[in-house]
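>>> Sharing a sequence plus its predicted fold:
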Amino acid sequence: MHTRKLDSRLFVHLFFILFSLLFVLPFLLVIAISLSRESDVLEHGYKLIPREIDFTAYRIVFRNTSEMTRAYGVTAFQSVVTMVLSLTIMSMCAYSLARRSFALRKPITFFIFFTMLFGGGLIPSYILNTQYLHIGNTIWIYILPSLANAFYIIIFRTFFQGLPDGLIESAKIDGAGELRVYLQIVVPLSKPVFATFALFVLLERWNDWFQALIYIRDAKLYTLQFLLQKILLEAEFIRNMARDMPANLQNAGSTEIPSETVRFAMAIVAAGPLLIVFPFFQKHFAKGLTVGSIKG
């Protein structure tokens, strides 16, 4: 009996190890292609092991180190600041809506839910941000429009409603105010949902390039994703120009201009920091998703 139980457990472990490799292999493939020569990729296709190690793609991505470092700094700053401020604002709003003693919680909840169904669109948003708020071409264009998400507020509220009322009432009997209850009772008990939405907001802000495309004209405020896209477009433009040159000029230039390997190198450059951050959120991630979605 014990041997049969051990064999079944070993089978389960082997199954999940092999299943996990299905998620690891694509990432290893991206690394391998980014370290390959462009000609090898075009001739032999994608290989898990490079035929020859080549750092040309990374040299193109990091050809201007100061520009890349600045883009990393802008992206990290706006991602972290937006994450902290948005979690604070959304959780405090949700805590108010979760309190049954708050008289306006139903109309405000409906107003927040209504914004999930209808939006003004790009042009009104652009006019509001540039003509009225005057945050176009500033670092605040990345932060202020992203501070609240109606869906996240609803999930926060649902999670807070599932917390025991006795804890809050006992704290109030002991003389604690709403702010103290929120900071010392609600927040510590809500680590899973906080960690989950912290990761969501961080991923959303880290991968954003559209705000820079629409609002930013100062190269010092470019985000990492927008700068990488700009580098890729420049590499493809130069490659297309070289392809359209006369034959005698093409033979004269022996420099290979990669574009396929540059795509994969940019994926590694963009995803690298988040791969380091993710394990810190993983412990609370699954619990925050499930509990926050079914309670209430």
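Looks like it arrived, so ask away. Numbering: from 1, shown residues only.

>>> Next, the buried residues of the host helix or strand of residue 197.
For residue 197, the host element (DSSP states H and E) is helix 191-206. Across helix 191-206, burial judged by 16 or more other C-beta atoms under 10 Å covers 192-203, 205-206. Every residue, glycine included, has its C-beta placed from N, CA and C.

>>> Can you report phi and psi for residue 217?
Main-chain dihedrals, residue 217, degrees, to the nearest 10: phi -120, psi -20.

>>> Identify the residue spatially nearest to it, adjacent ones excluded.
residue 137 (5.2 Å; C-beta to C-beta, 6 or more residues apart in numbering).

>>> Tell me how many other residues surround the one you found.
Burial of residue 137 is recorded as 14 neighbouring residues (other C-beta atoms under 10 Å).

>>> ok, it touching residue 222?
No - look at residue 137 against residue 222 with C-beta atoms under 8 Å: they stay out of range, at 11.3 Å.

>>> residues shared between the contacts of those two?
Common neighbours of residue 137 and residue 222 (criterion: C-beta atoms under 8 Å, 6 or more residues apart in numbering): residue 216.

>>> Now for residue 186: which residues touch it?
Counting by C-beta under 8 Å, 6+ apart, residue 186 touches 91, 95, 160, 163, 168.

>>> what about 7 Å?
Contacts for residue 186 were tallied using C-beta atoms under 7 Å, 6 or more residues apart in numbering; they are 95, 160, 163.

>>> Name the helix or strand for the last one, please.
To tie it back to what came earlier, the one meant is residue 163. Here residue 163 is assigned to no helix or strand, by DSSP H and E.

>>> From residue 207, how far off is it?
From residue 163 across to residue 207, the span is 32 Å (C-beta to C-beta, to the nearest Å).

>>> on contacts alone, who are the packing partners of the helix holding residue 197?
Other helices and strands packing on helix 191-206, by 3 or more C-beta pairs under 7 Å, 6 or more residues apart in numbering; DSSP states H and E, are helix 65-98, helix 150-161, helix 260-294.

>>> between it and helix 150-161, how many degrees?
170 degrees (axes from the mean of the first three to the mean of the last three C-alpha atoms, to 10 degrees).
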